[in-house]
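Engineer: fold the stuff below for me.
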Amino acid sequence: MEETRAPLIKGGPLPPNDLDCMSNKNLLLQATLLKHFERDGEQIHHKSQFLILLFILNQLLLDEEWAGSFSSNTKMFSLLMRARLSFLLDQHLSASVVHLKDESLKLYKRYIAFLEVVRDEEIDWGNDTRQLDETITLLHCEFSYCQLHFYQYEKAEASLDAAKKLCNLNVQFGGKLGRRTKFQQRDIAQLTVDFDTREVRLNIQDVNSTLNVETTAGVFRPDQET
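Structural biologist: You can find the predicted model right below:
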């Protein structure tokens, strides 16, 4: 541990106490981890912290025997964690790496496809899928961010459209005259975004069932007076 007592601050060395193994001031360990995470000649940022945790996570996710000891749902969830890990590593490298890009995009697609199959099965059984819809919606948004990082703009837009469809969200861009800051002397064109969060659900109980229209303001029933 002698290298951890090297002069790290102005005015002399630190007190002779062994540094935490998670500290990036442990120069030998930090150099070893930086070398380990190097991909295709691209280096990770030298000041990246907590690389030891990233290393442990990477080893656990790559251990198929460890992942195989859990349920099928947990094993599928490990795909999402591997996708996030590959994406995170690519973000920390000096330049994007092809195999990290391909792995993260592929694993995101596999996990979202898995959840969509589960959702279809729940619908067939007549179960409520609202919580599952929320999860898939968030994953589509997360996936779109990954796609934007890899310059896949059209696919990122498609992912966002899928998310909006799941939560019945309509987004429209418009414009109006106005002043954005107090320093503007006259009204100029301003970009506006209109959100429509109205959600329509059909609850068929019998032949005389009624149509319930849930909105963000409340519940409107056509058989009631307005």
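Engineer: now the helix or strand hosting residue 194 - C-alpha only, CSV.
Structural biologist: Secondary structure from DSSP states H and E places residue 194 in strand 188-196. C-alpha atoms of strand 188-196 as CSV (Å, rounded to 0.1, in the frame of the first residue of the first chain):
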residue,chain,number,x,y,z
ILE,A,188,-41.8,37.4,-30.5
ALA,A,189,-42.7,33.9,-31.6
GLN,A,190,-42.2,31.3,-28.9
LEU,A,191,-42.1,27.5,-29.2
THR,A,192,-44.9,25.8,-27.2
VAL,A,193,-45.5,22.2,-26.4
ASP,A,194,-49.1,21.0,-25.9
PHE,A,195,-49.7,17.8,-24.0
ASP,A,196,-53.0,15.8,-24.1
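Engineer: for it, what is the distance to the chain centroid?
Structural biologist: In terms of Cα atoms, centre = their mean, to the nearest Å, the centre of strand 188-196 is set 26 Å apart from its chain centre.
Engineer: need the contact partners of that strand.
Structural biologist: 169-180 (Cβ atoms under 8 Å, 6 or more residues apart in numbering). Any C-beta I mention is one placed from the backbone N, CA and C, and that applies to glycine too.
Engineer: direction included, what does that strand pair against?
Structural biologist: Its sheet considered, strand 188-196 pairs with strand 170-178 (antiparallel) by DSSP bridges.
Engineer: report the mean per-residue pLDDT for the partner strand.
Structural biologist: If you average the pLDDT over strand 170-178, you get 86.
Engineer: need the max-distance pair from the contacts of strand 188-196.
Structural biologist: Using Cβ to Cβ, the contacts of strand 188-196 span at most 28.6 Å, a distance reached by 169 and 179.
Engineer: just the pLDDT for the most centrally placed residue in the chain.
Structural biologist: Central residue check for the chain by Cα atoms, centre = their mean: the C-alpha nearest the mean position is that of residue 142, 3.2 Å away. Looking at residue 142, its pLDDT is 96.
Engineer: that one belongs to a helix?
Structural biologist: Yes. The assignment for residue 142 by DSSP: H, G, I helix; E, B strand; the rest coil puts it in a helix.
Engineer: which ones are touching it?
Structural biologist: Residue 142 touches residue 108, counting by Cβ under 8 Å, 6+ apart.
Engineer: before we move on, back to that, looking at residue 169 and residue 179, which has the bigger crowd around it?
Structural biologist: residue 169 (15 against 12; other Cβ atoms under 10 Å).
Engineer: ok, that one touching residue 161?
Structural biologist: No. Contact between residue 169 and residue 161 fails when scored by Cβ atoms under 8 Å: they sit 10.2 Å apart.
Engineer: great, nothing more from me.
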